[in-house]
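A.B. asks: okay, sequence plus prediction incoming.
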Amino acid sequence: MSAASRQFFRDAAAKSADGELHQIVRRGVDSYDAAVLRGQARFVDWEAARRRCHEIRREAIDHLDRYLLEFERRVKERGGRVFWAETAEAATSYVLDLATRACVRTVVKSKSMVAEEIHLNDALEGRGIKVWETDLGEFIVQLRHEPPFHIVTPAMHLTREQIGDLFREKLGGVETDDPPSLVAVARRALRRAFFSAEMGITGANFLVADSGMIAITSNEGNARLCASLPRIQVAIVGIEKVIPRLEDLAILWPVLATAGTGQPITCYNTLVGGPRAPGETDGPEEFHVVLLDNGRTRLLADREQREALHCIRCGACLNSCPVFRTVGGHAYGTVYSGPIGGVITPHLAGLREFQHLSYASSLCGACTEVCPVKIDLHRHLLQNRRNAVDETLRPRSERIAFRLWRWAMLDAGRFRLYGWAARMALRLAYRVGFEGTALDPARAWTKDRAAPPIPRHSFRAIWRKTHGV
Amino acid sequence: MPKVALFIPCFVDQLLPEVGLDAARVLERLGFETLFPAGQTCCGQPAFNSGYWRDARPLAERFVRLFASADAVVCPSGSCATMVRRFYPELLAGTRQFAEAKSLGDRVYEFSEFLTGVAQVTDAGATFPHKVAYHDACHALRELDIREGPRRLLRGVRGLELLEMARSEECCGFGGTFAAKFAMISTTMGATKAENAEASGAEYLTSTDPSCLLHIEGILRRRRSPLRTIHLASILARTDADSAAQASRTAKAAK
């Protein structure tokens, strides 16, 4: 069992018992569900929209090489720079070098899961550079020294009272806990940061190949401030985010918004294509795009699971997942949590270390049902399990158990005999009051569940009596 | 008389024989001849879902051979029927039995699916004078697209009042080996399911899948809840005679 796996078991057990957390998450998901239903009803045919988005993303991923090169060419034509980062280290050192060269002391940052993935904030702060998260949710979890709880709604696990207390402690000037006044407090702090920052770091929701622009979606307008006020803008983006054409946004933007929050379209959708051009009144002097691989090409090489790269990070699978709602985002201990995290983390960060995430699912398929780009998420969880077995990464005891089980099941006589023996053993154990105790052979089941009454006769035994044969 | 081969899941055979017997009783009452291929053991799903495809494969091959000659195979579990119809073709892809597995998949039915789809039954002639809520089991719902059929059958039962529980489509947390590997998550999900079922005001929670019900029942009993679970086949097997017998027993007990 890996260290990550032991940690997951500990944290998941603790969070499974945290009724308060379940209530907060449930409230969030309930209002999300209602908004998404209303949002989907705005489409003439939501299913057709999902199919179209799936096709666009498949086209992009199947021809990733071509579209990325096209994107790079067009960004360079406009005077932007593109850096290909094979690893997280390559990406962070590019940004660190840039910041050092330009004497950057303050960075404003909009929401980016890729920046989380490469631990960019830690790296920058290690060099004495102050990083301001400017997305409200990210700002809140940054003040708490916590990773985001959810890829779209990072502070989903907190109540407004908790946020009020946090702001009182860290920022001051808090009068009431109602959202508008809390937002005003955050805004006062962030405005100052926007005007003093020398570097703005953003992610991107899409890389548009045919126009050489990055598309950034936000609800607070913070991303476009990050992209326009500071002297230097850096966008850090996974290579899978490319899409072929500008017109694809006509369907991807509303589908992303609907699946992410239920909105018809997110409030601010910004396209940035390069540094300030002569004659323009605003925009950064330098524009950099860091294209991050960090294991994505390994997933690309896996024909069976390549489509996991279609993901547009809307978070719908997290909201739909009963396991996510039970253990919460932090228990996963990874940047990407929930079903999509369980699928891609073993590819990006290692199957040996993170196989448990693919097993921590009832395979109910709710995620696959909601995915707006139609990724067969629960099937990929299963394929990860099969890969873990095939690569002999499972415990020896489990391998032997399944081998024995197979041997028993390959013969009806053995099945009947062992079934009978197991039933008799359980009947005896429960008659003497072992149910649910350490002496119960079925304790994994009976610790928190009552054992069913164990019948004396099996179906086949009764059938033989009533029907013959 | 049309013949139906019974596919009785291994845990139903060992732990819940009445579910299999009730399914057979309903089919026989509707005029089907039932047979039980006695060589059957397990379809292989526990191994398949745990990633042990190589251990599941020989069981799948064995199952396909065993049921090869059946015209229709009926199973009182959406999950085990899913294993054969949806997962066997994947598991046996590239083997000699692939085509046979695919064709068998088309002839395997979940119990309610067979009644509504093939036998065209909406009134199975059952009586069950109780309030009942229906739990949509994940495999039946999302892999076999079974949603309305069981509800239609329940509405056809005399005396039965069908109640809709909140979030009937949310997983109960059973999930096969998941229930033991991640028991703390599984039972918390089960408790949520139990709460929603209790809040519906039903006396019984029913479903197509005995594994979900086994799990939920275990949680309900630990909670000392008055709510009981009952498989759909067991509801449809109850006739007027059964409830008359029950009523006279209750009357005697009252005296």
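C.D. replies: Perfect, thanks for sending it.

A.B. asks: just checking, what packs against the helix or strand encompassing A:Gly342?
C.D. replies: Secondary structure assignment for A:Gly342, by DSSP states H and E: helix A:338-349. Packing contacts for helix A:338-349, counted by 3 or more C-beta pairs under 8 Å, 6 or more residues apart in numbering or on different chains; DSSP states H and E, involve helix A:296-300, helix A:316-320, helix A:322-327, helix A:351-359, helix A:366-370, helix A:377-390. For every residue, glycine as well, the C-beta is placed using N, CA and C.

A.B. asks: helices or strands next to the first one in the packing?
C.D. replies: Spelled out, that is helix A:296-300. Contact here means 3+ C-beta pairs under 8 Å, 6+ apart; on that basis helix A:296-300 packs against helix A:338-349.

A.B. asks: Provide the contact partners of the helix it packs on at residue level.
C.D. replies: Contact with helix A:338-349 is made by A:117, A:151, A:294-296, A:298-299, A:302, A:305, A:308, A:311, A:313, A:315, A:317-318, A:320-321, A:323-324, A:329, A:332, A:334-336, A:354-355, A:357-358, A:360-361, A:367, A:375, A:377-378, A:380-381, A:384, A:387-388, as judged by C-beta atoms under 8 Å, 6 or more residues apart in numbering or on different chains.

A.B. asks: how far does it sit from its chain's centre?
C.D. replies: 8 Å (C-alpha atoms, centre = their mean, to the nearest Å).

A.B. asks: follow-up on the earlier one: include distance to A:Phe71 when you put the helices and strands packed on helix A:338-349 into a markdown table, please.
C.D. replies: Putting the helices and strands packed on helix A:338-349 into a markdown table (distance: least, C-beta to C-beta, whole Å) gives the following:
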| stretch | distance to A:Phe71 |
| --- | --- |
| helix A:296-300 | 15 |
| helix A:316-320 | 26 |
| helix A:322-327 | 33 |
| helix A:351-359 | 30 |
| helix A:366-370 | 29 |
| helix A:377-390 | 27 |
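
A.B. asks: could those go into CSV alongside mean neighbour count?
C.D. replies: Listed next are these as CSV, based on neighbours: other C-beta atoms under 10 Å in any protein chain shown:
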stretch, mean neighbour count
helix A:296-300, 17
helix A:316-320, 27
helix A:322-327, 27
helix A:351-359, 22
helix A:366-370, 23
helix A:377-390, 22
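
A.B. asks: dump these to a markdown table, plus mean pLDDT.
C.D. replies: Formatted as a markdown table, the helices and strands packed on helix A:338-349 follow (pLDDT from 0 to 100):
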| stretch | mean pLDDT |
| --- | --- |
| helix A:296-300 | 97 |
| helix A:316-320 | 98 |
| helix A:322-327 | 98 |
| helix A:351-359 | 98 |
| helix A:366-370 | 98 |
| helix A:377-390 | 98 |
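
A.B. asks: of all those helices, which one is nearest A:Val104?
C.D. replies: helix A:296-300 (27.7 Å; C-beta to C-beta).

A.B. asks: the helices and strands packed on helix A:338-349: which one's closest to A:Glu240?
C.D. replies: Closest to A:Glu240 of the helices and strands packed on helix A:338-349 is helix A:296-300 (C-beta to C-beta; 5.6 Å).

A.B. asks: got the CA positions of the closest one in CSV?
C.D. replies: Presented in CSV, the C-alpha positions along helix A:296-300 are these (Å, rounded to 0.1, in the frame of the first residue of the first chain):
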residue,chain,number,x,y,z
ARG,A,296,-0.3,14.0,-20.6
THR,A,297,1.5,12.4,-23.6
ARG,A,298,1.5,9.1,-21.7
LEU,A,299,-2.2,9.3,-21.5
LEU,A,300,-2.3,10.3,-25.2
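
A.B. asks: is stretch B:210-228 positioned near chain A?
C.D. replies: Yes: judged by C-beta under 8 Å from any C-beta of the partner chain, stretch B:210-228 and chain A are in contact via B:Leu214, B:His215, B:Glu217, B:Gly218, B:Ile219, B:Arg221, B:Arg222.

A.B. asks: wait, isn't the fifth one in contact with A:Arg449?
C.D. replies: Yes: at 5.6 Å, B:Ile219 and A:Arg449 qualify as touching, with contact defined as C-beta atoms under 8 Å.

A.B. asks: so what sits against both of the two?
C.D. replies: B:Thr187, B:Gly190.

A.B. asks: show me chain B divided up by domain.
C.D. replies: Using automatic domain parsing, the domain parsing of chain B gives B:3-118, B:131-241.

A.B. asks: element containing the spatially most central residue of chain A?
C.D. replies: Geometric centre of chain A, nearest residue: A:Tyr336, 3.3 Å, by C-alpha atoms, centre = their mean. For A:Tyr336, there is no host helix or strand (DSSP H and E).

A.B. asks: can you tell me how far it is from A:Gln355?
C.D. replies: Distance, A:Tyr336 to A:Gln355, using C-beta to C-beta, to the nearest Å: 15 Å.

A.B. asks: please point out which parts of the helix or strand containing A:Trp253 sit buried.
C.D. replies: Secondary structure from DSSP H and E places A:Trp253 in helix A:249-260. Residues of helix A:249-260 classed as buried by neighbour count (16 or more other C-beta atoms under 10 Å in any protein chain shown): A:Leu249, A:Ile251, A:Leu252, A:Trp253, A:Pro254, A:Val255, A:Leu256, A:Ala257, A:Thr258, A:Ala259, A:Gly260.

A.B. asks: and for the spatially closest residue to the fifth one that is not a sequence neighbour, the neighbour number?
C.D. replies: Sequence neighbours aside, A:Ile265 is the residue nearest to A:Pro254 in space, at 5.4 Å (criterion: C-beta to C-beta, 6 or more residues apart in numbering or on different chains). Residues lying near A:Ile265 (other C-beta atoms under 10 Å in any protein chain shown) number 13.

A.B. asks: what residues are up against A:Ile265?
C.D. replies: Residues near A:Ile265 by C-beta under 8 Å, 6+ apart: A:Trp253, A:Pro254, A:Ala257.
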